[in-house]
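Student: Okay, sequence plus prediction incoming.
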There are 2 protein chains.
Amino acid sequence: MQQSLSPFDIGRIRGLEPARERAGGEQVSPCGACSVRHLTFCAPLGEEELNHVSRIVQNIELHPGDPLFDEGEDATHLYSVTAGAMKVYKLLPDGRRQIIGFLFAGDFLGLADDEAYAYSAEAITHSALCRFPRRKLEALLERYPRMERRLLGMASHELAAAQEQMLLLGRKTAKEKIASFLLSLGRRAEQRGQTANPVSVPMSRNDIGDFLGLTTETVSRTFTQLRQAKLIALMPAGRVDLLDVEALQDIAEGN
Amino acid sequence: MQQSLSPFDIGRIRGLEPARERAGGEQVSPCGACSVRHLTFCAPLGEEELNHVSRIVQNIELHPGDPLFDEGEDATHLYSVTAGAMKVYKLLPDGRRQIIGFLFAGDFLGLADDEAYAYSAEAITHSALCRFPRRKLEALLERYPRMERRLLGMASHELAAAQEQMLLLGRKTAKEKIASFLLSLGRRAEQRGQTANPVSVPMSRNDIGDFLGLTTETVSRTFTQLRQAKLIALMPAGRVDLLDVEALQDIAEGN
DNA sequence: GCGACGGATTGACGTAGGTCAAGGCCGCGC
DNA sequence: GCGCGGCCTTGACCTACGTCAATCCGTCGC
């Protein structure tokens, strides 16, 4: 029951106040508001580490369309998403946009190899995040190698996903891209303990296009193609029913 | 003068023998054969760490076309390139190929978030590598957090590069892709202390195409376009003279 | 120096997906 | 419950890039 507050409740109560301001001796959720502990980089930590982490974490709440930070800004914080959906993207000067990834509860963002963020981040739905001052977190990493190990694992994971996405962007057809995308959304929902089959697709067609290297129109046309082939069904509230997962997998792999 | 042997000399002498087998009390290059210490993940290490590293490293030499490992293989080793050029790629079942990256001296490969390699690796030119048994390296990481920190930094760097490549693959035109590619090769050559302007392009047109999401023919046509526009000149031995770097940068950014 | 072979170039043509434009649908505010 | 605005869908058309097919050229073996 220490988890009985949703990330939004916590965000609402505390706003941007540091977690430690929430005094009172009661069992504080160890990683600040990270109710999805098992998914964040706090997962493998002991109580001592978690207590330190909870002292530097802040809670943030964002509404659809709210920006979190922009490409090129000083990378002062790392974030971990605890609820909702975010998008991170890069822009070309003329406005062309590539969405680098969609983030859900348990994903983190803000790793920068430089001092500046390499991409912009913005909320798609009502979202909650944990925010870690970079400097303070680095001090903790220094002290708790296990956290660094965990962070390395998460970066490797991100890297593998990015490489898979390069294969998609460079070599797959529109139909293959959409099939891969839907399956991947499903897989990730499953990992978060949500339902994988009527998969929730909270982002716009335009966002999907900018993620897959397509236009809104092509995304839309491809959805109707798949619908007409009875491979998917479009349901209310941005849900998509994957009617024939096997066939979608074949398409996604180019068979 | 402890660096007087080139990576190839060392590879030739030792083949795949573990570095420690090269006995004799003389000053052994600390990171095994990593003559490019400042570029590899050994860079920030002290003598003690380097001695440990040198005890687990092996040296490998590859010839053009030699495979290093294949996607899906058990990820038993990490590698660091000390000379030459490698390519890493992913394949679709029908043979379509996406080259994930080209690697030169100082780059590393083999990070896998899973137990299996997520891509295949193959030599483009005559190349030399350091090879680290994954298990043993992990033990070292445990012991020397600085190495882990360094590895995290390198993974972050790779991640940023991958994200930049997604922007390229998803949103740039053929001309923009080629201009970006040439400039990026130049930048990296510079970082290795090589000449950035007549830039060395050791890979085939086909490889370039599979890296940029284009065909051989489009790569070739785009090169001649840029040549005819006097922005580049094609020189013997796969060198490309960047005649107007500013103009190329404008093209690369989509202006 | 000569011939052969593999990569590079060029041309002619085809097409997947982009562009432009017109509705349609749905949720929200008043 | 009516109108408005944003997204989605669909259609007609276009173009950047792919495909297929000749050469071309540089390198290497002899």
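Tutor: All right, it came through fine.
Student: rest of the way, CA atoms for contacts and neighbours
Tutor: Noted.
Student: Thought B:Glu148 was touching A:Glu142, still the case?
Tutor: No: counting by Cα atoms under 8 Å, A:Glu142 does not reach B:Glu148; the two are 10.2 Å apart.
Student: So for these two, which residues contact both of them?
Tutor: A:Glu148 (Cα atoms under 8 Å, 6 or more residues apart in numbering or on different chains).
Student: Tell me which of those two has more neighbours.
Tutor: Just comparing A:Glu142 and B:Glu148: by other Cα atoms under 10 Å in any protein chain shown the higher neighbour count belongs to B:Glu148, 21 against 15.
Student: does the more buried one sit in a helix, a strand or a coil?
Tutor: Three-state call for B:Glu148 (DSSP: H, G, I helix; E, B strand; the rest coil): helix.
Student: And it, how far from A:Arg149?
Tutor: 7 Å (Cα to Cα, to the nearest Å).
Student: Which residue lies nearest the spatial centre of chain A?
Tutor: For chain A, the residue nearest the mean C-alpha position is A:Leu103 (1.3 Å; Cα atoms, centre = their mean).
Student: Please identify the helix or strand for the residue in the stretch 1-150 of chain A that DNA strand D sits nearest to.
Tutor: The nearest approach of the stretch 1-150 of chain A to DNA strand D comes at A:Gly65, 9.0 Å away (Cα to the nearest atom of the strand). Assigned by DSSP states H and E, A:Gly65 belongs to no helix or strand.
Student: burial count for it?
Tutor: A:Gly65 has 14 nearby residues by other Cα under 10 Å.
Student: try A:Phe108
Tutor: A:Phe108, neighbours per other Cα under 10 Å, totals 23.
Student: For it, which non-adjacent residue is spatially closest?
Tutor: Nearest residue to A:Phe108, sequence neighbours excluded (Cα to Cα, 6 or more residues apart in numbering or on different chains): A:Ser80, at 4.0 Å.
Student: can you tell if stretch A:150-166 touches chain B?
Tutor: Yes: using Cα under 8 Å from any Cα of the partner chain, stretch A:150-166 comes into contact with chain B via A:151-160, A:162-163, A:165-166.
Student: Quick check: A:Gly101 vs A:Gln165, distance?
Tutor: For A:Gly101, the distance to A:Gln165 equals 9 Å [Cα to Cα].
Student: wait, I meant A:Pro198
Tutor: In terms of Cα to Cα, A:Pro198 sits 23 Å off from A:Gln165.
Student: which of these two has more neighbours?
Tutor: Each of A:Pro198 and A:Gln165 has its neighbours counted (other Cα under 10 Å); A:Gln165 has more, 27 against 17.
Student: State the pLDDT value of that one.
Tutor: Here, the pLDDT recorded for A:Gln165 equals 98.
Student: Now it: which helix or strand?
Tutor: helix A:145-171.
Student: would you put the C-alpha positions of stretch A:63-72 in PDB?
Tutor: Provided in PDB are the C-alpha atoms of stretch A:63-72 (Å, rounded to 0.1, in the frame of the first residue of the first chain):
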ATOM      1  CA  HIS A  63       0.200  17.500 -20.000                       C
ATOM      2  CA  PRO A  64      -0.200  16.600 -23.700                       C
ATOM      3  CA  GLY A  65       2.000  18.800 -25.800                       C
ATOM      4  CA  ASP A  66       4.100  20.100 -22.800                       C
ATOM      5  CA  PRO A  67       7.800  20.300 -23.700                       C
ATOM      6  CA  LEU A  68      10.300  18.800 -21.300                       C
ATOM      7  CA  PHE A  69      13.500  20.100 -22.800                       C
ATOM      8  CA  ASP A  70      14.800  21.100 -26.200                       C
ATOM      9  CA  GLU A  71      17.700  19.800 -28.300                       C
ATOM     10  CA  GLY A  72      20.800  21.800 -27.500                       C
END
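Student: for A:Ser127, phi and psi?
Tutor: Backbone torsions of A:Ser127, given as degrees, to the nearest 10, read phi -130, psi 160.
Student: Wait, A:Val201 touches A:Met235, no?
Tutor: No: with contact defined as Cα under 8 Å, A:Val201 does not count as touching A:Met235 (10.2 Å).
Student: Which one of those two is surrounded by more residues?
Tutor: Neighbours per residue (other Cα under 10 Å) separate A:Val201 from A:Met235, with A:Val201 holding more: 16 against 12.
Student: so A:Pro198 bridges to which residues?
Tutor: For A:Pro198, the beta-bridge partners are A:Asp241 (DSSP bridges).
Student: pLDDT value on it, please?
Tutor: For A:Pro198, pLDDT reads 91.
Student: which ones are touching it?
Tutor: Neighbouring residues of A:Pro198 by Cα under 8 Å, 6+ apart: A:Arg239, A:Val240, A:Asp241, A:Leu242.
Student: Am I right that A:Gly193 is in a strand?
Tutor: No: per three-state DSSP, A:Gly193 lies outside any strand segment and is coil.
Student: Who are the contact partners of it?
Tutor: A:Gly193 sits next to no residue when contact means Cα under 8 Å, 6+ apart.
Student: how much space between it and A:Ala123?
Tutor: With Cα to Cα as the criterion, A:Gly193 and A:Ala123 are 21 Å apart.
Student: Same check on A:Ala162?
Tutor: Distance, A:Ala162 to A:Ala123, by Cα to Cα: 20 Å.
Student: what does A:Ala189 give?
Tutor: A:Ala189 is 18 Å from A:Ala123, by Cα to Cα.
Student: In terms of neighbours, single out the busier of the two.
Tutor: Using other Cα under 10 Å as the criterion, A:Ala189 and A:Ala123 rank with A:Ala123 on top: 22 against 18.
Student: what number of residues lie near the closest residue to that one other than its chain neighbours?
Tutor: Sequence neighbours aside, A:Met86 is the residue nearest to A:Ala123 in space, at 4.3 Å (criterion: Cα to Cα, 6+ apart). For A:Met86, the neighbour count with other Cα under 10 Å is 30.
Student: which SS class is A:Met86?
Tutor: strand.
Student: Okay, and the beta partners of it?
Tutor: Going by DSSP bridges, A:Met86 forms beta bridges with A:Leu103, A:Ala123.
Student: Go through the contacts of A:Pro198 and say which is closest to DNA strand C.
Tutor: A:Arg239 (11.6 Å).
Student: I'd say the closest one and A:Ser204 touch.
Tutor: No: counting by Cα under 8 Å, A:Arg239 does not reach A:Ser204; the two are 11.8 Å apart.
Student: more neighbours, these two?
Tutor: Set A:Arg239 next to A:Ser204 and count neighbours by other Cα under 10 Å: A:Arg239 wins out with 15 against 12.
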